[in-house]
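*Asks:* model this:
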Amino acid sequence: MATPVEGSSMNSTTKHKTLSCVFKLVGDQMTSIDVAVLKFLYTKIMNDELISNVTDGYSFLVALEKMGRVDETNFKHILHLLRTITRHDLTHLVNLRKRKTVELDPVDVYLIETEHKQKNNSNVSNVEKDSNSNLDRTFSTSDNKPSTSHRKRQRKSCSTTKVKSSRTDNHLKSVDEELEMKKKETCDIKLRVRAEYCQHENALDGNIFSNKPELLERQFEKFAQANTILKSRDLGSIVCDIKFSELTYLDAFWRDYINGSLLEALKGVFITDTLKQAVGHEAIKLLVNVDEDDYEAGRLKLLANLTV
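*Replies:* Modelled structure (predicted):
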């Protein structure tokens, strides 16, 4: 899963990513199965010193750089390996693109403006109610019987006030109906959740063997055996689309993902007592991934809902 960073109501400013940043971003989302398969493929290609230092996705990519397979102008080897281990979801991260500059969050501006509008509408409504109430009180508490011409003027004034109030109410209702009828934009955010064993070395040791005469044949046979074992240890995964129509909910969801709250909440759903009993004493972990590009694209769509 991506390394958590602090959420903010402002978009962060970053320069071009360094090669190390790309390795960190991609390597942190590679699973232990991915690393085990890659180490197996490079057992005879990397020297012992490099292969012994490979403990995770980041260290494997660093080893590739030391071998001269990767540099800031050439990511073809990494892209090929990601496709080989069927991690196409990580290929979009292999780049040095520049991020967006700082800009004020439109949501904060919208919420402030909406609050002012609601207060103004409330004040106008209260003034109209007080005016009507005072007018009615004047008619009901009058002790002296007014003249005919005076009564006519009062009726005319009351009638005019009620007409104005009725027009204001109708205008507010038409505005509300127009806003309700306006079609809301929605977006789908893809959530990937996967449970897996923390390590596979014990399961692979002693269970992989080949007596093929050629080195390449032995490597392919061992790879096939390792792949079969790792697939049998697959604890399952889900990919689901979550629909959002409110920007504030989408931002809250993203903050929970970044700060780890979403991961902790999903652990109680996926890592159940039944699953723990099935895996025995082996340690398991949960991997949660939300694509940042999905979030940014969805946020742009939902910003349209703030335009009145």
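
*Asks:* Run through the strands of the protein in chain order.
*Replies:* Applying DSSP state E to the chain gives strands spanning 187-197, 237-244, 284-290.

*Asks:* buried ones in the longest one?
*Replies:* Okay, so that is strand 187-197. By 16 or more other CB atoms under 10 Å, the buried positions in strand 187-197 come out as 187, 189-197. To be clear about C-beta, it is placed using only N, CA and C from the backbone, and glycine gets the same treatment.

*Asks:* quick revisit: with mean pLDDT and distance to D56 as new columns, can the strands of the chain be given to me in TSV?
*Replies:* Formatted as TSV, the strands of the chain follow (pLDDT from 0 to 100; distance: least, CB to CB, whole Å):
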stretch	mean pLDDT	distance to D56
strand 187-197	90	14
strand 237-244	90	19
strand 284-290	89	13
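
*Asks:* mind giving me JSON lines with those and columns for distance to S52?
*Replies:* Output for the strands of the chain, formatted as JSON lines (distance: least, CB to CB, whole Å):
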{"stretch": "strand 187-197", "distance to S52": "22"}
{"stretch": "strand 237-244", "distance to S52": "30"}
{"stretch": "strand 284-290", "distance to S52": "23"}
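
*Asks:* remind me which residues of the stretch 51-200 of the chain are low pLDDT?
*Replies:* Low-confidence segments of the stretch 51-200 of the chain, defined by pLDDT under 70, are located at 97-182.

*Asks:* One more pass at 50, please.
*Replies:* The stretch 51-200 of the chain contains residues with pLDDT under 50 at 101-102.

*Asks:* any chance you could map the helices in the protein?
*Replies:* Under the criterion DSSP state H, the chain carries helices at the ranges 19-27, 32-41, 48-52, 57-66, 76-84, 106-140, 148-181, 201-204, 215-232, 247-259, 261-270, 273-279, 292-303.

*Asks:* Name the residues that touch the third one?
*Replies:* Counting by CB atoms under 8 Å, 6 or more residues apart in numbering, helix 48-52 makes contact with 39, 42-43, 63, 66-67, all of which sit outside it.
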